[in-house]
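Visitor: Okay, predicted coordinates and the sequence, questions at the end:
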Number of protein chains: 2
Amino acid sequence: MNLALLTEADFIGPDRVQLTGRRFDHLATILGSEVGDQVPVGVENGDIGTGTLIQRDAEAAELAITLDQSPPEPLPLTLVLAMPRPKMFRRVLQTVAALGVKEIWLINAYKVEKSFWQTPWLGPDALRENLTLGLEQARDTRMPQVHIRQRFKPFVEDELPALLAQRPGLVAHPGTDQPCPSHLSSPATLCIGPEGGFIPYEVDKLVAAGCQSVHLGRRILRVETAVPVLIGRLYDGCGY
Amino acid sequence: MNLALLTEADFIGPDRVQLTGRRFDHLATILGSEVGDQVPVGVENGDIGTGTLIQRDAEAAELAITLDQSPPEPLPLTLVLAMPRPKMFRRVLQTVAALGVKEIWLINAYKVEKSFWQTPWLGPDALRENLTLGLEQARDTRMPQVHIRQRFKPFVEDELPALLAQRPGLVAHPGTDQPCPSHLSSPATLCIGPEGGFIPYEVDKLVAAGCQSVHLGRRILRVETAVPVLIGRLYDGCGY
């Protein structure tokens, strides 16, 4: 936790917050913060700054906060991700939140196992918890939006073209001979398939919707590796 | 397992191998391969090709193999990594092996907890197993070398300068104002600190040894995220 992400519920005064639960435990046990110590804080979808510990008991800490910086710039990337295996999904959520992705579309694909959609990590609180962990890691405050689409065809035919109108799309696909671009600074949409990739029908549908099919070289990478590699490559101009 | 990595011990004839254990289980239960089916294979530090299943019982499978392709090019990157937390270490090993890194130096740093060095994942068999999983993921055969240096100063003073003579060094450090370069095609050495980063003394020593200090923007990333992001950025010319 490189920053404690605050929500309205934490405020007990205009510049006073009370932390309990996970954030308090981190403060108390991992950081070992004492009265007078300062920790980085940020308000969800707002500015970041410093919290000074002014009171602490066994279960809660009270902080006086000053917010004087804007959060890091969002990454202008919309991520369209075939629903990953649950244990990987949780890490991918944290990673994309830490990298500054603000729009995440979770879609179905032929090689997405039905059971993946049953994971408790898709519940609103679990989504929010893992996105928060990613934001706190990266000292960001802007909460990503997660859109869940359990049917591939309606999403690709009815929703994706509108997304691509504002931000051109790429689909990472080992088959093609077009290498993935780099040095983007403008918005883009990146579609990443499941383990085993999109099937040809799915790639055709994504291309028909306006995506360009690109490859990442000969190596086959896990989704949790491909996402940061692609973001590092696409947005090297954004500090990655 | 996108490729079954073979060693001398697997060969029962010039073009015949017998798979048991993990690779057999994957073949039998996950791929459900039957006699006649083909699977990608590769010989450790050698070529890749195809294995045809010619016999199978409850514990072993016999394959007739043909090797007709070279493995993917190694990444010309030497990674100097402060020893990560064990559970992260295992994933980082698999990831860097999948990305094609062939030289990995695990070093100590002030913020590396002593207990990290006690992990069983540092044992030769465990290192080899996780590197193999990464190679099999990426369909590579060239086994990375892992060098373990539990003392920071002797490594940085006595060994690092020689490494940097052949391949310039970068140290990822949030403090500096020099952004990380991209578009490299030549060899380089990348030093990545522990959670919380290298301390100023350590950055100074790395710079004194010849490293350039570079930043990745405002976001603080976990090691397991920073490594693929940096590789995607540095070597976008290599297909990443």
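Guide: Happy to help now that I have it.
Visitor: Show the contacting residues for A:T132.
Guide: Residues near A:T132 by C-beta atoms under 8 Å, 6 or more residues apart in numbering or on different chains: A:L5, A:A97, A:M143. Glycine gets a C-beta too; all of them are placed from N, C-alpha and C.
Visitor: Any idea what A:R149 is bridged to?
Guide: A:I107 (DSSP bridges).
Visitor: and the gap between it and B:H173?
Guide: Distance, A:R149 to B:H173, using C-beta to C-beta, to the nearest Å: 40 Å.
Visitor: So those two - more neighbours on which side?
Guide: In this view A:R149 and B:H173 are compared by other C-beta atoms under 10 Å in any protein chain shown, and B:H173 has more residues nearby, 24 against 17.
Visitor: Skipping adjacent residues, who's closest to the more buried one in space?
Guide: Here the nearest residue to B:H173 in space, its sequence neighbours aside, is B:S213; by C-beta to C-beta, 6 or more residues apart in numbering or on different chains that works out to 4.7 Å.
Visitor: Check which helix or strand the one you found maps to.
Guide: Per DSSP states H and E: B:S213 is located in strand B:211-214.
Visitor: Let's see whatever helix or strand comes next after that strand as CSV, backbone CA atoms only.
Guide: Once strand B:211-214 ends, the next helix or strand along the chain (criterion: DSSP H and E) is helix B:223-234. Written as CSV, here are the backbone C-alpha positions of helix B:223-234 (Å, rounded to 0.1, in the frame of the first residue of the first chain):
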residue,chain,number,x,y,z
VAL,B,223,8.5,-6.1,-9.4
GLU,B,224,6.5,-8.7,-11.2
THR,B,225,4.8,-5.9,-13.2
ALA,B,226,7.8,-3.7,-13.7
VAL,B,227,9.9,-6.4,-15.3
PRO,B,228,7.5,-7.2,-18.2
VAL,B,229,6.7,-3.5,-18.6
LEU,B,230,10.3,-2.6,-18.9
ILE,B,231,11.1,-5.4,-21.2
GLY,B,232,8.2,-4.5,-23.4
ARG,B,233,9.5,-0.9,-23.5
LEU,B,234,13.2,-1.6,-23.9
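Visitor: could you give me the average pLDDT of helix B:223-234?
Guide: Taken as a whole, helix B:223-234 has a mean pLDDT of 92.
Visitor: Next, the angle helix A:223-234 makes with that helix.
Guide: Here the directions of helix B:223-234 and helix A:223-234 differ by 40 degrees (axes from the mean of the first three to the mean of the last three C-alpha atoms, to 10 degrees).
Visitor: Name the residues that touch helix B:223-234?
Guide: Residues from elsewhere that reach helix B:223-234, judged by C-beta under 8 Å, 6+ apart: A:95, A:98-99, A:225, A:228-233, A:236, A:240, B:75, B:77, B:79, B:81-82, B:84, B:88, B:91-92, B:95-96, B:99, B:101, B:170, B:172, B:180-182, B:184, B:188, B:190, B:192, B:194-195, B:216, B:221, B:240.
Visitor: do the same with stretch A:6-18
Guide: Residues outside stretch A:6-18 that contact it (C-beta under 8 Å, 6+ apart): A:19, A:41-44, A:51, A:60-66.
Visitor: Going through those, which ones are buried?
Guide: Under a neighbour-count criterion of 16 or more other C-beta atoms under 10 Å in any protein chain shown, the subset of the contacts of stretch A:6-18 counted as buried comprises A:L19, A:V41, A:G42, A:V43, A:E44, A:G51, A:A61, A:E62, A:L63, A:I65.
Visitor: Identify, from these, the entry nearest to A:D125.
Guide: Proximity of those to A:D125 was ranked by C-beta to C-beta; the top entry is A:E44 with 14.5 Å.
Visitor: what about the closest one, distance to chain B?
Guide: The gap separating A:E44 from chain B is 17 Å, by C-beta to the nearest C-beta, to the nearest Å.
Visitor: now for stretch A:174-181, what's the gap between its first and last residues?
Guide: 14 Å (C-alpha to C-alpha, to the nearest Å).
Visitor: is it up against chain B anywhere?
Guide: Yes: Stretch A:174-181 comes into contact with chain B (C-beta under 8 Å from any C-beta of the partner chain), by way of A:P179, A:C180.
Visitor: Can you give the contact residues for that stretch?
Guide: A:170, A:172, A:197, A:200, A:203, A:212-217, A:220, A:230, A:233-234, B:236, B:239.
Visitor: in that stretch, what counts as buried?
Guide: Neighbour-count burial for stretch A:174-181, counted by 16+ other C-beta under 10 Å, picks out A:P179, A:C180.
Visitor: how's chain A carved up into domains?
Guide: A:4-69, A:77-234 (automatic domain parsing).
Visitor: Out of these, which one sits most buried?
Guide: domain A:77-234 (a mean of 19; mean count of other C-beta atoms under 10 Å in any protein chain shown).
Visitor: re the thing from before, which ones among the contacts of helix B:223-234 map onto helices?
Guide: A:95, A:98-99, A:225, A:228-233, B:88, B:91-92, B:95-96, B:99 (DSSP state H).
Visitor: Pick the one among those closest to A:R128.
Guide: Distance to A:R128, by C-beta to C-beta, is smallest for A:A98 among the ones in helices among the contacts of helix B:223-234, at 14.9 Å.
Visitor: Who are the contact partners of that closest one?
Guide: A:G134, A:L135, A:Q137, A:A138, A:D140, B:R219, B:L221, B:R222, B:T225.
Visitor: For the fourth one, report the pLDDT, please.
Guide: Note on A:A138: pLDDT of 96.
Visitor: shouldn't it be in contact with B:I220?
Guide: Yes: here A:A138 reaches B:I220: they are 5.8 Å apart, a contact under C-beta atoms under 8 Å.
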